[in-house]
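Chemist: give me coordinates for this.
(one chain, ligands or ions: 1)
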Amino acid sequence: MASQQNPLDEEENSKRNWSLKDFEIGKPLGRGKFGRVYVAREIKNKYVVALKVIFKEQIEKYKIHHQLRREMEIQSNLHHPNILRLYGWFHDADRVFLILEYAHNGELYKELRKKGYLSEKQAATYILSLTKALAYCHEKTVIHRDIKPENLLLDHQFYSQGRLKIADFGWSVQSSSKRRTMCGTLDYLAPEMVENKAHDYAVDNWTLGILCYEFLYGVPPFEAESQIDTFRRIRNVDLSFPSTPSISSDAKNLISRLLVKDSSRRLSLEKIIEHPWIIKNANPMGICL
Ligand code: AK5
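Modeler: Have a look, this model is predicted:
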């Protein structure tokens, strides 16, 4: 179900044999381990996209050929308003190009760092958008999406702060601005993952609890000086709520019901959507006013 009308979604374009000649390249958006991302314009439709360039040398060096192929197949079949679209891909002698949806307002993480923390209305709207996107993925049996704030982008909307888009993948761009802690990746992992146990889609529900906390307080709940300390805090679910900013008990209730050690007892995605904090605060259209 394509909810947005967009020229690159039309029949003729989804099967088109793209080449670099079809695009005008603009400013760089970021760079990562596997390549760079530029804003670009598809010449025929004047449609703005993000073009990701991956060097074949890197694909060979890291032996990610199969991973890339598999991911391209999964990604091009995901059509959801809160998941960044992959419109197509092509290659030349030494590069692979991914044609991605352009998120006009950039990274959510930058907005969070600039503001310090988000309002409950904004946080609830983003959590609802993420929950719906994850429910869609789980339906398609696509599990464990890497949903840390660096992988969340914001679209542009008139009189609004923009709609959230998951752009994810450990492979995706590392923005030019580095995160405060470079070893901060542990912060978003569920106890069963840090302990190397078998895990399933319930890791996503844990991550929603982490993000909800970080949106409201500006820092993830188990942040510590060292990775070992973060590891220990996650394992013990050492959760506390600071007195400032002052957060509603509804919000704390939702976080406490997601950050549960036993993965089978975490609030389900359906129950998140019905939670009083979401009902009272989230904009069901996914727009932040
Ligand atoms: C690469 C190598 C090996 C998989 C991959 C796949 C899907 O989004 C990917 C991959 C992304 C990457 C749009 C902005 C950006 C910004 C990205 C680019 C995000 Br900033 N304002 N608007 N994009 S940053 O890289 N996404 C992706 C659906 O590299 N896969 C195996």
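Chemist: which residue ranges of the protein form strands?
Modeler: Taking DSSP state E as the test, the strands found in the chain are 23-32, 35-42, 47-55, 86-91, 95-101, 152-154, 164-166.
Chemist: next one: the longest helix seen in the chain to chain centre, how far?
Modeler: When the chain is parsed with DSSP state H, its longest helix is helix 120-139. Helix 120-139 sits 11 Å away from the centroid of its parent chain (C-alpha atoms, centre = their mean, to the nearest Å).
Chemist: next one: stretch 122-141
Modeler: Averaging C-alpha positions (C-alpha atoms, centre = their mean) puts stretch 122-141 10 Å from its chain's average.
Chemist: roughly how far apart are the closest residue to Ile74 other than its chain neighbours and Lys121?
Modeler: Leaving aside its chain neighbours, Ile74 sits nearest to Val142 (6.0 Å; criterion: C-beta to C-beta, 6 or more residues apart in numbering). Using the backbone N, CA and C atoms, a C-beta is placed for each residue, glycine as well. From Val142 across to Lys121, the span is 29 Å (C-beta to C-beta, to the nearest Å).
Chemist: next: Leu98.
Modeler: As defined by C-beta to C-beta, Leu98 lies at a distance of 34 Å from Lys121.
Chemist: these two - which one has more neighbours?
Modeler: Each of Leu98 and Lys121 has its neighbours counted (other C-beta atoms under 10 Å); Leu98 has more, 23 against 14.
Chemist: quick check: Ser240 vs the ligand, distance?
Modeler: Using C-beta to the nearest ligand atom, to the nearest Å, Ser240 is found at 33 Å from the ligand.
Chemist: do Pro220 as well
Modeler: 21 Å.
Chemist: and Tyr213, by the same measure?
Modeler: Distance from Tyr213 to the ligand, by C-beta to the nearest ligand atom: 24 Å.
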